[in-house]
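Undergrad: only geometry, no sequence info:
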């Protein structure tokens with residue numbers, strides 16, 4: 001009987017902790033690419049190109065993508081359906097600051113519904129070098145935010161962004 005009370009106490013403590021644990025998830029990674037800013041931005045502003053460098057695109061070789069709208073323009077949508085690792089969702093270009101930033105909304109449908117905002121920015125270091133930043137902001141609603149006690153979601157997502165940026169650098173510096 002004591003074991004039951006201990007287990008119930010642990011569960012209650014976790015649920016209470018979830019009320020005060022931050023719901024925010026943020027991750028931003030950056031890399032320097034040895035190419036002019038305009039050349040880099042003109043590649044990343046097209047969502048179809050993410051299929052060439054994004055870590056998530058490599059997790060399912062049979063992923064099915066449907067594209068709607070004009071790529072490189074606000075309103076363009078990439079809807080995907082993939083295996084359990086990739087799930088189902090869509091990414092929509094919400095704004096473009098020409099030569100500076102690509103803003104997108106990510107709507108995840110499966111394995112669970114969630115929403116995030118993503119931004120890729122470019123900043124000239126000099127005439128032939130560009131700093132690219134890739135960031136993500138989302139929330140884990142209660143009680144899912146309790147998972148943050150056991151895993152660093154920002155670090156996990158950040159590793160995937162780093163992989164994507166390394167891939168992007170390799171493609172653009174060929």
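TA: That came through fine. As the structure is a computational prediction, the values presented were derived from the model and not from experiment.
Undergrad: pLDDT score assigned to the residue nearest in space to the middle of the chain?
TA: Centroid-nearest residue in the chain, with C-alpha atoms, centre = their mean: residue 136, separated by 5.2 Å. Reported pLDDT at residue 136 in the predicted model: 92.
Undergrad: before we move on, what about residue 25?
TA: The model's pLDDT for residue 25 equals 88.
Undergrad: also residue 53?
TA: Reported pLDDT for residue 53: 97.
Undergrad: rewinding a little: can you tell me the SS state at the residue nearest to the centre of the chain?
TA: Assigned by DSSP: H, G, I helix; E, B strand; the rest coil, the conformation of residue 136 is strand.
Undergrad: the strand of greatest length in the chain - contacts with which helices or strands?
TA: Scanning the chain for the strand with the most residues, using DSSP state E, yields strand 114-126. With contacts taken as 3 or more C-beta pairs under 8 Å, 6 or more residues apart in numbering; DSSP states H and E, strand 114-126 sits against helix 37-44, strand 101-110, strand 129-139. Every residue, glycine included, has its C-beta placed from N, CA and C.
Undergrad: how close does the residue nearest to the centre of the chain get to residue 155?
TA: Plainly put, residue 136 is 12 Å away from residue 155 if you go by C-beta to C-beta, to the nearest Å.
Undergrad: dump the helices and strands packed on strand 114-126 to TSV, plus distance to residue 149.
TA: Putting the helices and strands packed on strand 114-126 into TSV (distance: least, C-beta to C-beta, whole Å) gives the following:
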stretch	distance to residue 149
helix 37-44	35
strand 101-110	22
strand 129-139	16
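Undergrad: and residue 30, which of those is closest to it?
TA: strand 129-139 (4.3 Å; C-beta to C-beta).
Undergrad: who does the closest one touch, helix- and strand-wise?
TA: Where contact means 3+ C-beta pairs under 8 Å, 6+ apart, strand 129-139 is packed against strand 24-33, helix 37-44, strand 114-126, helix 153-172.
Undergrad: if we use 6 Å, what do you get?
TA: If you count contacts as 3 or more C-beta pairs under 6 Å, 6 or more residues apart in numbering; DSSP states H and E, strand 129-139 packs onto strand 24-33, strand 114-126, helix 153-172.
Undergrad: how about these, which one is nearest residue 104?
TA: Between these, strand 114-126 lies closest to residue 104; by C-beta to C-beta that is 4.8 Å.
Undergrad: just to revisit the earlier point, wait, doesn't the residue nearest to the centre of the chain sit right on residue 120?
TA: No. With contacts counted by C-beta atoms under 6 Å, residue 136 stays clear of residue 120, the gap being 10.2 Å.
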